[in-house]
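In: Sequence and predicted model, in that order:
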Amino acid sequence: MAVPFTLPGKVRGNPKPDLNPGQSPAGATQRYSVELITSEEGLSSLREDWNRLSETAERPNVFMTFDWFRAWNLRYTQEDRSGRRRLNVLVLKKDGAIVGISPLIRRKVSRFGFCARKVEFVSADADYNDLVLGNDLAGQSRAIADFLAETQNQWDLVDLRDLRATGNNLALIEGALSQTKLLHRILPEKGRYPYLQIDAPWTEMVSRRSHASRRTFRNQQSRLLRMTAAGLRVRIIENPHQEPSLLQNLIALESQKHVHGEPAEPFIAKYPEVFQSLFDTLGPRGWLLVALMELGEHPLAWQIWFRCGKKLWGYLTAYDRSFSRLSPGTMLVPAMIDYGFTHGYTEHDFLRGEESYKMQWATGFHQSYRLLIWRRHGISRARAFVYLDLKKAVYRLFGKGE
């Protein structure tokens, strides 16, 4: 299903009574039209244009790709037996060509007996999101804001998590929303994103560190070198889709993962069909690579990385705890630094979380934000209060995290 909406080129005012919904005032220059995609058939028809936009984006984002969206949407739709979840993809067109996509879904949520229709990103498993995939953020943000205002009877709350801050994008989004009568907040997310600037090979970068840090890394490297005679090796797998058993090896090693000394719930093993789909689709298109440390045929540690423009994003990692004396997970980072420097990457972004292995290397932190939008209508404001403010108050009362 595609529901068209046309944004006039000038500031939107109250339409004249004789205009049809979505029709522009006479003489106005139409810049963007917006279509709402709610069917799988409509989603499939976007693949080619969506891929084109992803590959030509000024700031590429793997979490905004067609394949990422479709894989996670398929999984969560299969889990949603209540039918409360539906596609809500906004497609922006100019002169009939697709020039922007806002990959959203809509679902019904319940808090303390109040139900709300919430618009959000496809899953919480993306570390960075963008309001729109396109190269005219100012104009396209305005088109999306106006579309949300025009269709506000179809939703109660827009809750967009983990928006990345790039350039002045947040100011442009807020400026677009201020032109509507919608209420909104932009809040910093709690988690930070450690990153490392790549400006030299690992040997030079480690030489800049303290004497104690250099000694620690030398000792770790010496232990690894002594294992090379026994078949220890590190591989950077640029085409993981070409190794049929790779994903199963990652899943087997992930079962040993611990967080703060406690066994962690396996992530890839929980969604094997999602990651198989990502390997099969993002792998051939150059978005995904795997860093792997092996002893013979036995994997000791792995990291999944995404290639986004000139940046490398470290998404997941796991290691064999019986070889923890070798610090195998940590010692994959030098290999990735050398890979990044050799291939012209400028930054390693370790993404969300402040695990110790990330903090050893971090030279700075990125921040993400949460965008909340709701209507001025009394019912919508009440639902927003219950979902946002009352929820926080209850969690504080019982000592729970949000």
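Out: Looks like it came in fine. Numbers count the residues shown, from 1 in each chain.
In: so what's residue 335 up against?
Out: Residue 335 is in contact with 202, 234, 236, 291, counting by C-beta atoms under 8 Å, 6 or more residues apart in numbering. Glycine gets a C-beta too; all of them are placed from N, C-alpha and C.
In: Secondary structure element holding it?
Out: Assessed by DSSP states H and E, residue 335 sits inside helix 332-342.
In: could you dump that helix to CSV, C-alpha only?
Out: Taking Å, rounded to 0.1, in the frame of the first residue of the first chain, the C-alpha atoms of helix 332-342 are listed here in CSV:
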residue,chain,number,x,y,z
LEU,A,332,42.3,-8.5,17.3
VAL,A,333,42.1,-4.7,17.6
PRO,A,334,45.8,-4.2,16.5
ALA,A,335,45.0,-6.3,13.4
MET,A,336,42.0,-4.2,12.6
ILE,A,337,44.0,-1.0,13.1
ASP,A,338,46.6,-2.1,10.6
TYR,A,339,43.8,-3.2,8.2
GLY,A,340,42.1,0.2,8.6
PHE,A,341,45.3,2.2,8.1
THR,A,342,46.4,0.1,5.1
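In: Okay, buried residues for that helix please.
Out: Buried residues in helix 332-342, counted by 16 or more other C-beta atoms under 10 Å: 332-341.
In: that older thread, turn the contacts of residue 335 into TSV, columns for secondary structure, distance to residue 174 and neighbour count.
Out: TSV is the format used below for the contacts of residue 335 (DSSP: H, G, I helix; E, B strand; the rest coil; distance: C-beta to C-beta, whole Å; neighbours: other C-beta atoms under 10 Å):
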residue	secondary structure	distance to residue 174	neighbour count
202	helix	41	19
234	strand	45	20
236	strand	40	18
291	strand	38	22
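In: Identify the farthest-apart pair in the buried residues of helix 332-342.
Out: Across the buried residues of helix 332-342, the longest distance by C-beta to C-beta is 15.0 Å; it joins 332 and 341.
In: Tell me how many other residues surround residue 343.
Out: Neighbours of residue 343 under the rule other C-beta atoms under 10 Å: 13.
In: contact partners of stretch 293-306?
Out: Where contact means C-beta under 8 Å, 6+ apart, the residues beyond stretch 293-306 that reach it are 62, 227, 230-235, 249-250, 252-253, 282, 287-292, 312-320, 323, 326, 328-329, 331-332, 336.
In: Looking at the contacts of residue 335, spot the one nearest residue 121.
Out: residue 291 (27.1 Å).
In: Next up, the contacts around the closest one.
Out: Contacts for residue 291 (C-beta under 8 Å, 6+ apart) come out as 234-237, 302-303, 305, 332, 335-336, 339.
In: between these, which is nearest residue 101?
Out: Nearest to residue 101 among these: residue 305, at 24.5 Å, using C-beta to C-beta.
In: so the closest one sits in a strand?
Out: Yes: with DSSP: H, G, I helix; E, B strand; the rest coil as the criterion, residue 305 is assigned to a strand.
In: Can we start the residue count at 6 from this point?
Out: Right, with 6 as the first residue, what we last looked at is residue 310.
In: what element comes up after the helix or strand that residue 179 is a member of heading to the C-terminus?
Out: Assigned by DSSP H and E, residue 179 belongs to helix 174-183. Per DSSP H and E, helix 174-183 leads on to strand 188-202 as the next helix or strand towards the C-terminus.
In: buried sites along that next one?
Out: Buried residues in strand 188-202 (16+ other C-beta under 10 Å): 189, 191, 197-201.
In: So which of these is the closest to residue 144?
Out: residue 189 (18.6 Å).
In: Contact partners for the closest one?
Out: With C-beta under 8 Å, 6+ apart, residue 189 has these contacts: 179, 182, 376-379.
In: Flag the shaky bits of this protein, pLDDT-wise.
Out: For the chain, applying pLDDT under 70 flags the ranges 6-35, 116-118, 263-266, 382-407.
In: give me every residue that touches the most centrally placed residue in it.
Out: In the chain, the C-alpha closest to the average C-alpha coordinate belongs to residue 131, at a distance of 2.9 Å (C-alpha atoms, centre = their mean). Residue 131 sits next to 68, 73, 167 when contact means C-beta under 8 Å, 6+ apart.
In: run the last query once more with 7 Å
Out: 68, 167 (C-beta atoms under 7 Å, 6 or more residues apart in numbering).
In: Relative to residue 342, how far out is residue 299?
Out: Residue 299 sits 19 Å away from residue 342, going by C-beta to C-beta, to the nearest Å.
In: now stretch 256-274: how far from the chain's centre is it?
Out: Its chain's C-alpha centre and that of stretch 256-274 lie 21 Å apart, by C-alpha atoms, centre = their mean, to the nearest Å.
In: what does stretch 150-164 give?
Out: The chain centre lies 22 Å from the centre of stretch 150-164; the measure is C-alpha atoms, centre = their mean.
In: Report the buried residues of that stretch.
Out: For stretch 150-164, by 16+ other C-beta under 10 Å, it's 150-157, 160-164.
In: among these, which are in helices?
Out: By the criterion of DSSP state H, membership of those in helices covers 150-155.
In: Which member of these is positioned nearest residue 114?
Out: Distances from residue 114 to those, taken by C-beta to C-beta, are shortest for residue 153, at 17.6 Å.
In: hang on, the closest one packs against residue 165?
Out: No: counting by C-beta atoms under 7 Å, residue 153 does not reach residue 165; the two are 11.0 Å apart.
In: Can you tell me the closest non-neighbouring residue to residue 120?
Out: Closest residue to residue 120 apart from its sequence neighbours, by C-beta to C-beta, 6 or more residues apart in numbering: residue 113 at 5.9 Å.
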